[in-house]
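Peer 1: Here is my input, please return the structure:
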Amino acid sequence: MSAAKHGQLPNSLVEIAVAGRSNVGKSSLLNALANRKSLAKTSKTPGATRLLNVFEMQPEGSGKWLVDLPGYGYAKAPKHEQKRWAKMIENYLIEREPLEHVLMLVDGEIGPTGLDKQSLEWFRHIGLPITIVATKQDKVKSSKLGKRKSELAKGCGVERKQVRWVSAAKGNGIPELRQEIHTMLNFEPEYIDTGEDDANEEE
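Peer 2: The predicted model follows:
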């Protein structure tokens, strides 16, 4: 489901927000986590997500959600639209009672931007637990990956081991992140996806 403000959403048990700048790969990551190609709509044009988009984790009716937030930093959108998105996101993050965690996506190829750092600081200020997920690992040369991991973690103000690196395109890190999300949402073991569809992922 989708909503223009959090008050339009029905009740849930627990929610994890998925945040990040436009073109960081949120939709691609959601599709990879779900083992689906088009569950979340992807677009070559940044700023395609303009609502609070809810994805309920199995089983149906569990009340355990991932909520995809509009990407920030998309300058081509009209100013009034940018302000509306910002207010929608702010109200959701501050007022939504079932919200317990934020997956903060950072582009692993370029590292944290100024807006990423501002967002991280604000999440910490309002007391929301954060897991930093570095996307697009496949776009970083293997010879430079170690250095990039250290630089990205430092730029986000965390230890290197606290950043989850993933590639939606190649499947790297997806089963591990999926398992972590299930743990955050307090799923019973029988509901945990084994990730068998990721058997061909690159190590």
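
Peer 1: Return the helix or strand in the chain with minimum mean pLDDT.
Peer 2: Across the helices and strands of the chain, mean confidence by mean pLDDT, DSSP states H and E is lowest for helix 79-95: a mean of 85.

Peer 1: Okay, buried residues for that one please.
Peer 2: 82, 84, 85, 88, 89, 92, 93 (16 or more other Cβ atoms under 10 Å). (Each C-beta comes from the backbone N, C-alpha and C, glycine too.)

Peer 1: Mind giving me the packing neighbours of it?
Peer 2: Using 3 or more Cβ pairs under 8 Å, 6 or more residues apart in numbering; DSSP states H and E, the elements in contact with helix 79-95 are strand 14-20, strand 99-107.

Peer 1: and those as CSV, adding mean neighbour count, distance to residue 140 and mean pLDDT?
Peer 2: Below are those laid out as CSV (neighbours: other Cβ atoms under 10 Å; distance: least, Cβ to Cβ, whole Å; pLDDT from 0 to 100):
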stretch, mean neighbour count, distance to residue 140, mean pLDDT
strand 14-20, 23, 17, 96
strand 99-107, 22, 10, 97
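
Peer 1: Need those in JSON lines (columns: distance to residue 165).
Peer 2: Compiled in JSON lines, the helices and strands packed on helix 79-95 are given as follows (distance: least, Cβ to Cβ, whole Å):
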{"stretch": "strand 14-20", "distance to residue 165": "14"}
{"stretch": "strand 99-107", "distance to residue 165": "10"}
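
Peer 1: ok, back up a step: starting at the chain centroid, how far to the least confident helix or strand of the chain?
Peer 2: Centroid separation for helix 79-95 versus its chain: 17 Å, with Cα atoms, centre = their mean, to the nearest Å.

Peer 1: Kindly calculate the angle that it makes with strand 14-20.
Peer 2: Per axes from the mean of the first three to the mean of the last three Cα atoms, to 10 degrees, the angle that helix 79-95 makes with strand 14-20 is 140 degrees.
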